[in-house]
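Undergrad: Below: sequence and its predicted model.
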Amino acid sequence: MKQFLTLLIITLFATIAIGEETIGVELQKKMQNVRGEEQIPIVVLYEQDSMPTYAQVAQEFRFLGDADVIQEQVVREMKNHAENLHFWLRDMCESRSLRGQVSEFRSIWVANAVSMKATPSAIVEIAAQPKVQKIMLDEPVKLLLENRGLAWGVERIGAHNVWKYYDGLGVTVAVIDTGVNEHADLKGRVVDGKNYIDATKPPRDDHAHGTHCAGTVAGDGLMGTQTGVAPKAQIMAIKVLSASGSGAWSNLWLAIEDTISLKTKVLSMSLGGNADATTRDRLRLACQNAIAANVIPVIAAGNSGPSAKTIGSPGDVPEIISVAATGSDTANTIASFSSRGPVTWDKEYVKPDVSAPGVNVNSTRHDGNSYRTMSGTSMATPHVAGLTALMVQAKPTLTAPQAKSILERTAKDLGAAGKDTIYGAGLVQAVEAVNAAASLTEVGRSDRFEMVVKELAFETMVDAQGNINVTEAVPNDLMPATVTIWADIPQAEARKGVYHVKYSLKGPNGEKQAEVSINFDNIPTDPNLYDAKYGFNCGNFPLVKGTYAGSVFSITPNTKVQNVKITLKGKATWPARK
């Protein structure tokens, strides 16, 4: 018997070694230290290209027109894709060979993953299956609370000066946290989402963190202190963190799915951690899917400062709004604990994006109807989430890229000039941000929906005189439609001066020519002329199926850029703007 057990252990570890590229390092350590057939919480990550993204599926339904109808259809399709892809694993887990070795199977479409509990021997068997990229220990994600230390933050960002016109009424903010209790200042405005710690109970707060954050978003001051930036907003409580302040990455992904399915507009997350590279990629995918579904994620940068490159995930995702914490002094000094950028993905990005009050912030208690002070980027984040709710009330069609751009452009610059890796663009300013959102030019299209239907990238040179000349074949396999053509140049060294160019598209339905000025010295504020998501508007063009010859050449040279290699990025959006 002893020899048999020895052989079994040797075989198990040998199999783990064979699949070590698939089984994460921390999970391997855990597997070697569990007793018997103890089940371990894991996340099975599928190869990313085995399932389409939200934006890709949305293209199939773009002609439905109505955004709500499209969203419902896309979510249904994403769930079906995930369930079909993950079916074999569910089937295997229910088979006789693994029966009793796995439990709590959950398919997660937003990250193309499955969470479950499994024994070491079951994990080894799962790792050998096709399309499995990685199996990770479902490690804790933690709240970002700094224990140091009335609603001075509401006044500091000027939120009270907006309430005569906008107070958050009709806007729902999802607080993904330790849960939310209905403090008197939140009475009647807390809607229960799911409790991922204990599904048998409502998402109540047994820690204090979640209720405090919710109070900063939407507390109305009934009990004496005005803590909320958007005092009539509704809170969607989703509990992913336990009484100890930790939870699993898989529950966070499922909570993000909930915000999409429930059509919640703003997402506030004061949590994060140091994720490994694979989990970090899936956090970004989940956030990208949420943004494509018209959710605006506002996420804490973290409390690992003051060193550089300390922003945790998902606060480091380039597309989301990440928030640093400032103090109550008149200079709005950055909190020492506030995490710093930059962050590295395919390139370095300047993060955080903006700052907000995060030291000794007074807000609602979870264990009564009084208040308490707390510190951390956790406390800064709901200030920005509440402000985003005010912006959404002013402009219900506001998108995540628009919200991020407005918050940055209207922020009070702090620290080094311009956006930096400590303060981001600076301290958010409520009046300026809400006015900018409210005054966004109504685009001449259905405000219900707009999407990218074609993307192209051309590598070329700006020559010694500052001229561009590029011609490329442009295949089009889309259904016939009139689209808006946009152009942009991402390289920082080339984003200056004016590119006065002529472009043409010649194809099966004729030739379209136009002149456009790509003016980086004076970027238009009208989103019909320049949209941060797409670039500069080059006009509308009717596309049919077939191949086009596309060309771009300078009419006058750009005197500020010479001898630089650039990527000329083009996008086509539908419906076309008028």
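TA: Great, that's in hand. Residues are numbered from 1 along each chain as shown.

Undergrad: Strands of the stretch 151-300 of the chain, start to end?
TA: Using DSSP state E, counting those that start in this stretch, the strands of the stretch 151-300 of the chain run over residues 172-177, 190-195, 234-239, 246-248, 266-269, 271-272, 296-300.

Undergrad: Let me have the ones you listed in JSON lines, adding distance to residue 569 and mean pLDDT as columns.
TA: C-betas here are computed from N, CA, C, even on glycine. As requested, the strands of the stretch 151-300 of the chain are exported to JSON lines (distance: least, Cβ to Cβ, whole Å; pLDDT from 0 to 100):
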{"stretch": "strand 172-177", "distance to residue 569": "32", "mean pLDDT": "97"}
{"stretch": "strand 190-195", "distance to residue 569": "38", "mean pLDDT": "96"}
{"stretch": "strand 234-239", "distance to residue 569": "36", "mean pLDDT": "98"}
{"stretch": "strand 246-248", "distance to residue 569": "37", "mean pLDDT": "89"}
{"stretch": "strand 266-269", "distance to residue 569": "28", "mean pLDDT": "98"}
{"stretch": "strand 271-272", "distance to residue 569": "30", "mean pLDDT": "90"}
{"stretch": "strand 296-300", "distance to residue 569": "24", "mean pLDDT": "98"}
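
Undergrad: Dump those strands into TSV; add distance to residue 374 as well.
TA: As requested, the strands of the stretch 151-300 of the chain are exported to TSV (distance: least, Cβ to Cβ, whole Å):
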stretch	distance to residue 374
strand 172-177	12
strand 190-195	19
strand 234-239	17
strand 246-248	17
strand 266-269	15
strand 271-272	14
strand 296-300	13
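
Undergrad: where are the low-confidence patches of the stretch 51-200 of the chain?
TA: Counting by pLDDT under 70, the stretch 51-200 of the chain has low-confidence residues at 63-66, 142-150.

Undergrad: Repeat that for the chain.
TA: 1-20, 63-66, 142-150, 441-450, 478-479.

Undergrad: Switch the strands of the stretch 151-300 of the chain over to CSV; also include mean neighbour count and distance to residue 491.
TA: Formatted as CSV, the strands of the stretch 151-300 of the chain follow (neighbours: other Cβ atoms under 10 Å; distance: least, Cβ to Cβ, whole Å):
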stretch, mean neighbour count, distance to residue 491
strand 172-177, 29, 36
strand 190-195, 19, 42
strand 234-239, 27, 40
strand 246-248, 22, 40
strand 266-269, 31, 31
strand 271-272, 29, 30
strand 296-300, 31, 27
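
Undergrad: Out of these, which gets nearest to residue 354?
TA: strand 296-300 (9.3 Å; Cβ to Cβ).

Undergrad: Which secondary structure state does residue 123 sit in?
TA: Under DSSP: H, G, I helix; E, B strand; the rest coil, the three-state class of residue 123 is helix.

Undergrad: List the contacts of it.
TA: Residues near residue 123 by Cβ atoms under 8 Å, 6 or more residues apart in numbering: 23, 27, 31, 40, 42, 135.

Undergrad: Kindly reformat those residues as TSV containing secondary structure and neighbour count.
TA: Formatted as TSV, the contacts of residue 123 follow (DSSP: H, G, I helix; E, B strand; the rest coil; neighbours: other Cβ atoms under 10 Å):
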residue	secondary structure	neighbour count
23	strand	26
27	helix	25
31	helix	22
40	strand	19
42	strand	26
135	strand	25
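
Undergrad: Same list, these, but as a markdown table with distance to residue 527 please.
TA: Formatted as a markdown table, the contacts of residue 123 follow (distance: Cβ to Cβ, whole Å):
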| residue | distance to residue 527 |
| --- | --- |
| 23 | 47 |
| 27 | 46 |
| 31 | 52 |
| 40 | 49 |
| 42 | 44 |
| 135 | 44 |
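
Undergrad: Looking at the residues you listed, which is nearest residue 217?
TA: Nearest to residue 217 among the contacts of residue 123: residue 42, at 33.4 Å, using Cβ to Cβ.

Undergrad: Please verify my assumption that that closest one contacts residue 119.
TA: No - counting by Cβ atoms under 8 Å, residue 42 does not reach residue 119; the two are 10.2 Å apart.

Undergrad: which non-adjacent residue is nearest residue 432?
TA: residue 410 (3.8 Å; Cβ to Cβ, 6 or more residues apart in numbering).

Undergrad: With residue 137 instead?
TA: Excluding the flanking residues, the one nearest residue 137 by Cβ to Cβ, 6+ apart is residue 27, at 4.1 Å.

Undergrad: from memory residue 206 sits against residue 180, does it?
TA: No - contact criterion Cβ under 8 Å: residue 206 and residue 180 do not qualify, at 11.2 Å.

Undergrad: Those two: which has the busier surroundings?
TA: Neighbour count, other Cβ atoms under 10 Å: between residue 206 and residue 180, residue 180 has more, with 32 against 18.

Undergrad: so what's the residue nearest to that one when sequence neighbours are not counted bridging to?
TA: Counting by Cβ to Cβ, 6+ apart, residue 180 lies nearest to residue 237, which is 3.7 Å off, once chain neighbours are set aside. Counting by DSSP bridges, residue 237 is bridged to residue 175, residue 192.

Undergrad: Checking residue 81 next. Helix, strand or coil?
TA: Going by three-state DSSP: residue 81 is helix.

Undergrad: Quick one: closest of the strands of the stretch 151-300 of the chain to residue 79.
TA: Of the strands of the stretch 151-300 of the chain, nearest to residue 79 by Cβ to Cβ is strand 190-195, at 15.7 Å.

Undergrad: just checking, what packs against the closest one?
TA: Helices and strands touching strand 190-195, by 3 or more Cβ pairs under 8 Å, 6 or more residues apart in numbering; DSSP states H and E, are strand 234-239, helix 249-261.
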